[in-house]
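**Student:** Sharing a sequence plus its predicted fold:
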Amino acid sequence: MVTDRRPAIRDPFPTDFAMILYLVGFMGCGKSSIGRRIAERTGYAFADTDRMVEEAAGRTIPEIFATDGEAAFRAMESEALRSIPTEGNTIVATGGGTPCNPDNLAWMKAHGHSVYIAITADYLYRILYTRRQKRPKLANLNDEELLSYIRTTLAEREPFYTQASATIECTGASDSYIIDHILFYLDHLSDRPSPASSSLY
């Protein structure tokens, strides 16, 4: 668990340098809601690759999985990622599996910075316990299977997630805490010569 220690954020937030920030992490960690609120705070544009896929397909993600399969969804996800303009200021909420495709990971490294919203498997279980029916890979799992899936899949994905430019430990943290620490990171990006990986708190 994290403490609610928050950094000082400049107000108004500086917007004098162009930057793309990709939010990465496991399903349920809050990438979409947090990304949208960061965009509102900063005046940046906001993009959500899952919503982009649904809009392009005219179907929900569960429907895409059911009719076309995961491989088709992943191809659409990659296409959505690459369709986001790489000039200007944009916060991008990626899908949980997006950075696990090496080509997607390379694209994000080449075109912007990224933050891994890190939450433990057991805490993710608490978040996803009542939301599984909306997730195609979780909908048919019982409680024991759900926890096992989260633990196994998170372990498989963390080598990709941890290649993000920065990692924020967010287990038990409020959205406001996470947002403030991402804003703190953004505020200092202009002083950093390269997007080398780092850990924030």
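**Tutor:** It's in.

**Student:** quick one: Leu105 and His111, what's the gap?
**Tutor:** 11 Å (Cβ to Cβ, to the nearest Å). Bear in mind the C-beta positions are built from the backbone N, C-alpha and C, glycine included.

**Student:** which stretches of the protein aren't confidently modelled?
**Tutor:** 1-18, 190-201 (pLDDT under 70).

**Student:** just the strands in it please.
**Tutor:** 20-24, 45-48, 90-93, 113-118, 166-169, 198-200 (DSSP state E).

**Student:** hmm, back to that, neighbour count winner among Leu105 and His111?
**Tutor:** When neighbours are counted by other Cβ atoms under 10 Å, Leu105 and His111 differ, and Leu105 comes out ahead with 19 against 16.

**Student:** Give me the spatial nearest neighbour of the more buried one, chain neighbours excluded.
**Tutor:** Pro99 (4.8 Å; Cβ to Cβ, 6 or more residues apart in numbering).

**Student:** Which residues lie in contact with that neighbour in this structure?
**Tutor:** Remark: with contacts taken as Cβ atoms under 8 Å, 6 or more residues apart in numbering, Pro99 is in contact with 22, 24, 105, 108, 114, 157, 160-161, 163-164.

**Student:** What of Ala47?
**Tutor:** 84, 90-93.

**Student:** do the same with Arg51
**Tutor:** Taking Cβ under 8 Å, 6+ apart as the definition of contact, the neighbours of Arg51 are Ser32.

**Student:** gap between it and Gln133?
**Tutor:** Where Gln133 is concerned, Arg51 sits at a distance of 19 Å (Cβ to Cβ).

**Student:** Also Arg151?
**Tutor:** According to Cβ to Cβ, Arg151 and Gln133 sit 20 Å apart.

**Student:** Please apply the same query to Ala66.
**Tutor:** Applying Cβ to Cβ, one obtains 13 Å for the distance of Ala66 from Gln133.

**Student:** now Ala121
**Tutor:** Separation of Ala121 from Gln133 (Cβ to Cβ): 20 Å.

**Student:** burial of Phe160, as a residue count?
**Tutor:** Phe160 sits with 18 neighbouring residues when counted by other Cβ under 10 Å.

**Student:** I figured it hits Ala106, correct?
**Tutor:** No: under the contact definition of Cβ atoms under 8 Å, Phe160 does not touch Ala106, with a separation of 11.1 Å.
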